[in-house]
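> Sharing a model that was predicted from the sequence below.
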Amino acid sequence: MRYVGMHTQIMRNNRLTIMLLILFPVIILGMVWVFLALVNYFGNGYYDQYGNIVHQLDAAIVNYYFMNTIPWVIVGVGIWFTIAYFANTAMVRAATGARPLTRKENPKIYNIVENLCMTCNMDMPKINIVDDPQLNAFASGIDKKSYTVTLTTGIIDRLNDDELAGVIAHELTHIRNHDTRLLITSIIFVGIVSTIMSLVIQMMYNAFWFGGLSSRSSDDEDNRGNGLSMIAVFIIGALCCAVAYFFTLLTRFAISRKREYMADAGGAELCGNPLALASALRKISGDPGLNNVKRDDIAQLFIIHPQHFAPGMMNLFNSLFSTHPDTKKRIEILEQF
């Protein structure tokens, strides 16, 4: 594993964040154009002399409506991103059931975080806790006001002080490297694409069942047209699902596994005890996850992704597109420090 400097990693993550900010609206606009093109193609047909329906695409009309939708898409994406940008902390807390941890409640954790922050000369982030017996931790936030380190009650109770320092140092390194900003940005836009996909499918479903497309008719041509309309609905829905899935894979590639190796290396250097971090990872791997978290995008934030792989080919497929490297390999590297 070839490590790069922290400044290089920060610059790389900043470039990826900018790339995602540009790429997401482009993908959404691409989905809109394909949607309009499919609707135009299947809705712009006629019967030839043999009674076969012939479809044709009127690109001029598609481009006309597409140009009219561009401002609405940009404004909609901008509003969504602005809201999510300022509400990301509340969104993560709601998804994980986290709550603020007070100094009075656990002075030991505050002391560990303060000492590590003073060591690396960084501002102290907020500290949240999740009432969950499983072991995990994550960092979140996009700026100094929202940077947060979250720990479960299980990890606090079952790790010793040195191991806790290693885990917290790992999460602080994510913040210092701007990993959390990249992750939160990707989560926001994945949510936009998923919502648009759901709305398109719901609109097409309503149009089919309540817009008269499913009405019965004794006319064979009407029945044939209704059947083709239903096929168009499934094609558009499948296409949107495929684009959304491709987008998810693209995001996972953008959020490279290398960030976890970098956070491990930075955390080991910060706490001064790589073996303690290795020991913590070994314990966490035995009982990772959060019972209340069902969203995979949020799980990407965890120090160890609670992956429950299916056997066989699905195991191989999931591992190829995992955002986290193999825990055993991470431990081996730390033990060689």
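Thanks, I have the structure now.

> For the stretch 51-200 of the chain, which residues score under the pLDDT cut-off?
Using pLDDT under 70 as the threshold, the predicted model of the stretch 51-200 of the chain has low-confidence ranges 51, 53-54, 193-200.

> out of everything not next to it in sequence, what's closest to Leu290?
The shortest distance from Leu290 to any residue that is not its chain neighbour, by CB to CB, 6 or more residues apart in numbering, is 5.2 Å, and that residue is Asp132. All C-beta spots, glycine's among them, are computed from the backbone N, C-alpha and C.

> ditto for Arg103
Spatial nearest neighbour of Arg103, excluding adjacent residues (CB to CB, 6+ apart): Tyr110 at 4.7 Å.

> Report all helices and strands that the host helix or strand of the one you found contacts.
Mapping Tyr110 onto the secondary structure by DSSP states H and E places it in helix 107-120. Helix 107-120 is packed against strand 126-130, helix 161-176, helix 258-271, with contacts defined by 3 or more CB pairs under 8 Å, 6 or more residues apart in numbering; DSSP states H and E.

> what about 6 Å?
Packed against helix 107-120 by the contact rule (3 or more CB pairs under 6 Å, 6 or more residues apart in numbering; DSSP states H and E) you find helix 161-176.

> where along this protein do the helices fall?
Shown for the chain, the helices assigned by DSSP state H span residues 6-43, 59-96, 107-120, 153-158, 161-176, 179-210, 220-254, 258-271, 274-285, 296-299, 313-320, 327-335.

> Go ahead and name everything in contact with stretch 277-292.
Applying CB atoms under 6 Å, 6 or more residues apart in numbering, the contact partners of stretch 277-292 are 97, 132, 134-136, 159, 163, 166-167, 267-268, 304, 306, 327, 330-331, 334-335.

> Over to it now: how far is its first residue from its last?
Distance between the boundary residues of stretch 277-292 (CA to CA, to the nearest Å) amounts to 25 Å.

> Can you give me the buried ones in that stretch?
By neighbour count with 16 or more other CB atoms under 10 Å, stretch 277-292 contains the buried residues 277-285, 287-290.

> Check stretch 326-337 too.
Neighbour-count burial for stretch 326-337 flags Thr327, Arg330, Ile331, Ile333, Leu334 (criterion: 16+ other CB under 10 Å).

> for stretch 91-111, same thing?
Going by neighbour count (16+ other CB under 10 Å), the buried part of stretch 91-111 is Met91, Val92, Arg93, Ala95, Thr96, Ala98, Leu101, Asn106, Ile109, Tyr110.

> Now the terminal residues of it, how far apart.
For stretch 91-111, by CA to CA, the gap between its terminal residues amounts to 27 Å.

> which outside residues touch that stretch?
Taking CB under 6 Å, 6+ apart as the rule, stretch 91-111 contacts Ile127, Asn128, Ile129, Val130, Ser140, Thr150, Asn292, Val293, Arg295, Ile298.

> Highest neighbour count among those?
Neighbour counts for those were taken using other CB atoms under 10 Å; the highest belongs to Ser140, which has 29 neighbours.

> separation between it and Trp72?
31 Å (CB to CB, to the nearest Å).

> now Gly266
Distance check for Gly266 against Trp72: by CB to CB, it reads 43 Å.

> Of those two, give the one with the bigger neighbour count.
Ranked by neighbour count (other CB under 10 Å), Gly266 and Trp72 place Gly266 first, with 21 against 10.

> OK, contacts around that one?
Each residue near Gly266 by CB under 6 Å, 6+ apart is listed here: Thr173.

> mind checking pLDDT for it?
Note for Gly266: predicted pLDDT of 90.

> Quick check: the gap between it and Leu116.
The gap separating Gly266 from Leu116 is 11 Å, by CB to CB.

> what's the answer for Lys108, then?
With distances taken as CB to CB, Lys108 is found 13 Å from Leu116.

> residues of stretch 65-85 that come out buried?
Along stretch 65-85, the positions that meet the burial threshold by neighbour count (16+ other CB under 10 Å) are Phe66, Val73, Val77, Trp80, Phe81, Ala84.
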